[in-house]
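J.: Below is the sequence, then the predicted model.
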Amino acid sequence: GQQVMQIPQYQHVQEGEDFTTYCNSSTTLSNIQWYKQRPGGHPVFLIQLVKSGEVKKQKRLTFQFGEAKKNSSLHITATQTTDVGTYFCAAEYGNKLGFGAGTILRVKS
Amino acid sequence: NAGVTQTPKFQVLKTGQSMTLQCAQDMNHEYMSWYRQDPGMGLRLIHYSVGAGITDQGEVPNGYNVSRSTTEDFPLRLLSAAPSQTSVYFCASSRTAPATEAFFGQGTRLTVV
């Protein structure tokens, strides 16, 4: 089964509102990756977090890795219609990359 | 560079038919994998390969075979298609182990009737 649990499954926001998706694991992770998939498209890599407590920013996107390396979050400030899609976290276990179920983001303009 | 190329993009099969989904990458990546994507279930790993000549099973391997005779190619074979295999299939590659950025193909939308 999935090694990481992701919530919420779905979020519908008004354009300009903030959005956050969370990724949780019962075990300590060596690293975590985040991907975005536009409707009808394929997953595209956004970022990888490796260090405990790490925070990285990409324009309006802020990624955090928990101090215990068991959880992560992706926060989007002031969403735009271009942010629509599904956001996945992914974690390595053994030689495999396991994905969360994803959070579908819809933005009302 | 083309990146990861999957063919075909769409396919309809009858129950019991077999077929091969093709995947090729031109980035000299060692690690390649196949996922299926179903609504609400994210991406589930079918098979993966850490290098030419080496393959292993993922979460949902039943009904699928793979081989890795070259670094570039990683075909996925459906032995006897079933309606439960209706899904979108993605091939991905990364430079080494899975803890590096994965590049995905465009996907194959498969319907089994």
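T.: Yep, it's here.

J.: Am I right that B:Thr15 sits in a helix?
T.: No: counting by DSSP: H, G, I helix; E, B strand; the rest coil, B:Thr15 falls outside a helix, being coil.

J.: Count the neighbours of it for me.
T.: Neighbour count for B:Thr15, taken as other Cβ atoms under 10 Å in any protein chain shown: 11. Using the backbone N, CA and C atoms, a C-beta is placed for each residue, glycine as well.

J.: Burial check on the closest residue to B:Val66 other than its chain neighbours, number of neighbours?
T.: Leaving aside its chain neighbours, B:Val66 sits nearest to B:His47 (4.2 Å; criterion: Cβ to Cβ, 6 or more residues apart in numbering or on different chains). Neighbour count of B:His47, defined by other Cβ under 10 Å: 23.

J.: Now do the helix or strand hosting B:His47: everything it contacts.
T.: Element membership of B:His47, judged by DSSP states H and E, is strand B:43-51. Outside strand B:43-51, the residues within contact range by Cβ atoms under 8 Å, 6 or more residues apart in numbering or on different chains are A:43, A:88, A:90, A:95-99, B:30-38, B:55-61, B:64-66, B:68, B:71, B:74, B:76, B:89-90, B:97-98.

J.: Mind checking which of those land in strands?
T.: Among the contacts of strand B:43-51, the members falling in strands (DSSP state E) are A:88, A:90, A:96-99, B:31-37, B:55-57, B:64-66, B:76, B:89-90.

J.: of these, buried ones?
T.: A:88, A:90, A:96-99, B:31-37, B:55, B:64, B:66, B:76, B:89-90 (16 or more other Cβ atoms under 10 Å in any protein chain shown).

J.: Show the backbone phi and psi for A:Asp83.
T.: Dihedral angles of A:Asp83 (phi, psi; degrees, to the nearest 10) stand at phi -80, psi -10.

J.: Tell me the pLDDT of it.
T.: Note on A:Asp83: pLDDT of 98.

J.: Spell out which parts of chain B neighbour chain A.
T.: When proximity is defined as Cβ under 8 Å from any Cβ of the partner chain, chain B approaches chain A at B:33, B:35, B:40-45, B:48, B:50, B:56, B:58-59, B:90, B:92, B:94, B:97-107.

J.: Narrow these to those that are buried.
T.: Among those, those classed as buried by 16+ other Cβ under 10 Å are B:33, B:35, B:42-45, B:48, B:50, B:58-59, B:90, B:92, B:94, B:98-107.

J.: Point out where the chain drops to low pLDDT.
T.: Looking at chain A here, since you left the chain open. Within chain A, the set of residues satisfying pLDDT under 70 comprises A:1-2.

J.: You answered for a different chain; I wanted chain B.
T.: Checking chain B against pLDDT under 70 turns up B:1.

J.: Which part of it gets nearest to chain A, residue-wise?
T.: Shortest chain B-to-chain A distance, computed as Cβ to the nearest Cβ: residue-wise this is B:Pro98, at 3.6 Å.

J.: just checking, that residue touches A:Glu92?
T.: Yes: counting by Cβ atoms under 8 Å, B:Pro98 touches A:Glu92, with 5.1 Å between them.
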